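[1] Let me see the structure of the following:
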Amino acid sequence: MLEKMFKLKEHNTNIKTEVIGGITTFMTMAYILAVNPSILAASGMDKNAILMATAIASFIGTMAMALLANYPFALAPGLGLNAYFAYTVCGQMGYPWQVALLAVFVEGLIFIVLSLTNVREAIFNAIPLTLKKGVSVGLGLFVAFIGFQNGHLVVNSDSTLVTVVNFRENFSTIGISAVLALLGLFVIVILNVKKVKGAILIGILTTWVLGMICEATGIYVVDVEAGFYSLFPSWADFNFGAIGQTFGQCFNVDFSTIRIADFIVIICAFLFVDMFDTLGTLIGVANKADMLDKNGKLPKVKEALLADAIATSAGAVLGTSTTTTFVESSAGVVEGARTGLASVVTGFLFLLSIFLAPVFTTIPGFATAPALIYVGFLMVSAVTEIDFDDITEAVPAYLCLIAMPLMYSISEGIAIGVISYVVINLVAGKSKKITPLMYVLAVLFVLKYFFL
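    Numbers count the residues shown, from 1 in each chain. Down below sits the predicted model:
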């Protein structure tokens, strides 16, 4: 049955590989179960309700991806979008969280229409192949940068924005976390050299276990105020009925309090970031999995985008911010996942996480950091596929890939890449290379910087 449904042999994979890939993807994403409630709680929502909404929305989106597109891509509420939801819409603008959820719901409906009418698919296909390679490399750098941050190897700096961690300062929290992240990275690299299956998953679990040993021996010290929590699961009481506090609340809105102009801007902001974050993730992960054809197109991209859109609206009804395709899916792809069976595994683990929330939310950032750093290294290898002899192709790809980590945004990297590609080729007299849709995208991106 599984062979018939997911076409495992056709994709040169097997059940064991897909299961390992699905578990690995989940392990690298599990942090969202802790982070999303922490961020969205600033809007006044109940943390238990948000955790349940996060898990169920992730399950729905990931299962939709598996069944509609047969891709090993997982979905969950996106970082950045949840911060905009909590701190801008509900914070600076002062809207109730119900209004923000309504904006997310409407955004999802718009995306469903755009997906069914092939608009999002056309945008995906309009991006030149070289620029897609740049997106893949940029995604690798972006993922690695997140890994370095989560592992506390890179920290904030007043003079240089970021700098290397000072291992001697706060060693019992930041310092030991950075050391464990490095050890985890070495474990993953060595296991891959030895061609051990499940190397990334083993690396995550090994790092977590080492962390628990350090906590038990007093080397790692819990400091909740500084964001360093116990590495041992705590089976505190969990209110499963809390989901009722957010479910369907996107329809419980007093429309007389909504300023139409503000609401349109909110929806457009959600639309823009979600669309191009998803496109960038699909391009990068699909390229790493060799799923793009010779023209840089992704088969069943329409179905993949539809799954993303459905997940967004479903998540809003449940009570969470925009649900989007996660770049951490690349960790499962690196382990060999090639079909929706891996997504089914990831999806059910998200559903299971409702009942085992204390376990999954305890996985520390420094344990998943080595996986992200190593996956970033693998994705950067696509840089060799960029034609650096053609400046009109190479420079836009370069600007795209360097902008993603430096601007901390997949969508901004794509925007810079598209604008520079159109301008450079137009001025260089190579306008025939530019498709009409690329002109439209460039203009929209420029307008976005002025009006959003």
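[2] show me what contacts the residue nearest to residue 400 when sequence neighbours are not counted?
    Among residues not flanking residue 400 along the chain, residue 417 sits closest, at 2.9 Å (CB to CB, 6 or more residues apart in numbering). (Each C-beta comes from the backbone N, C-alpha and C, glycine too.) With contact taken as CB atoms under 8 Å, 6 or more residues apart in numbering, residue 417 is in contact with 131, 134-135, 396-397, 399-400, 403.
[3] now the helix or strand harbouring residue 417: how far from the chain's centre is it?
    Residue 417 is part of helix 410-427, with elements assigned from DSSP states H and E. Relative to its parent chain, helix 410-427 has a centroid offset of 22 Å by CA atoms, centre = their mean, to the nearest Å.
[4] In that helix, which residues are buried?
    Neighbour-count burial for helix 410-427 flags 410-422, 424-425 (criterion: 16 or more other CB atoms under 10 Å).
[5] Distance check, residue 350 against residue 22.
    Per CB to CB, to the nearest Å, residue 350 is found 11 Å from residue 22.
[6] just residue 55 next, same as before
    Applying CB to CB to residue 55 and residue 22 gives a distance of 15 Å.
[7] which one of these two has more residues nearby?
    Between residue 55 and residue 22, residue 22 has the larger neighbour count (other CB atoms under 10 Å), namely 29 against 26.
[8] list the contacts for residue 413?
    Neighbours of residue 413 in contact, by CB under 8 Å, 6+ apart: 135, 138, 142, 280, 400-401, 403-404, 407.
[9] whoops, I mixed them up, residue 322
    Neighbours of residue 322 in contact, by CB under 8 Å, 6+ apart: 77-78, 81-82, 85, 104, 107-108, 270, 273-274, 312, 315-316.
[10] Among those, name the least confidently predicted one.
    Of all the contacts of residue 322, residue 273 carries the smallest pLDDT score, 75.
[11] and residue 155, what helix or strand is that in?
    If you go by DSSP H and E, residue 155 is part of strand 154-157.
[12] Now that strand: buried residues?
    So, applying 16+ other CB under 10 Å, buried residues of strand 154-157: 154-155.
[13] now do stretch 168-177
    Across stretch 168-177, burial judged by 16+ other CB under 10 Å covers 170-177.
[14] And for stretch 337-352?
    By 16+ other CB under 10 Å, the buried positions in stretch 337-352 come out as 337-347, 349-350.
[15] before we move on, what about stretch 199-215?
    So stretch 199-215, judged by 16+ other CB under 10 Å, has buried residues 199-208, 210-212, 214-215.
[16] Distance check, the residue most central in space within the chain against residue 377.
    The chain has residue 326 as the residue nearest its centroid, 2.9 Å off, counting by CA atoms, centre = their mean. Distance of residue 326 to residue 377, given as CB to CB: 19 Å.
[17] what's the distance between residue 141 and residue 410?
    11 Å.
[18] which residues of the stretch 201-350 of the chain fall in helices?
    Applying DSSP state H, counting those that start in this stretch to the stretch 201-350 of the chain gives helices spanning 260-288, 301-318, 329-334, 340-352.
[19] So for residue 15, which of those sits nearest?
    In terms of CB to CB, the element of the helices of the stretch 201-350 of the chain nearest to residue 15 is helix 340-352, at 7.0 Å.
[20] ok, and what's touching the closest one?
    Identification of contacts with helix 340-352 by CB under 8 Å, 6+ apart yields 2, 5-6, 8, 15, 18-19, 21-23, 25-26, 29, 55-56, 58-60, 62-63, 65-67, 69-74, 76, 332.
[21] Stretch 392-404 too?
    Residues from elsewhere that reach stretch 392-404, judged by CB under 8 Å, 6+ apart: 128, 130-131, 133-135, 137-139, 141-142, 280, 383, 386-388, 409-410, 412-414, 416-418, 420-421, 424-425, 428, 430, 433.
[22] let's go with 7 Å and repeat that
    130-131, 133-135, 137-139, 141-142, 386-388, 410, 412-414, 416-417, 420-421, 424-425, 428, 430 (CB atoms under 7 Å, 6 or more residues apart in numbering).
[23] can you check stretch 253-264 too?
    Contacts with stretch 253-264, where a contact means CB under 7 Å, 6+ apart, come from 93, 98-99, 102-103.
[24] Select from those residues the one having the most neighbours.
    residue 103 leads these on contacts (other CB under 10 Å) with 28 neighbours.
[25] just checking, that residue touches residue 268?
    No - between residue 103 and residue 268 there is no contact under CB atoms under 7 Å: 9.7 Å.
[26] Mean pLDDT per helix and strand in this protein: which one sits at the bottom?
    helix 357-360 (a mean of 74; mean pLDDT, DSSP states H and E).
[27] Same question for it: list its buried residues.
    357, 359-360.
[28] could you point out which element follows that helix?
    helix 365-380.
[29] and that following helix, average pLDDT?
    87.
[30] Could you do stretch 169-184 as well?
    94.
[31] low-confidence ranges in the stretch 201-350 of the chain?
    Within the stretch 201-350 of the chain, the segments meeting pLDDT under 70 span 235-239.
[32] if you set the cut-off to 80 instead, what comes out?
    Scanning the stretch 201-350 of the chain for pLDDT under 80 picks out 234-241, 256-257, 261-262, 265, 268-269, 272-273, 294-295.
[33] The stretch 51-200 of the chain too?
    79-81, 83, 88, 92, 120, 197-198.
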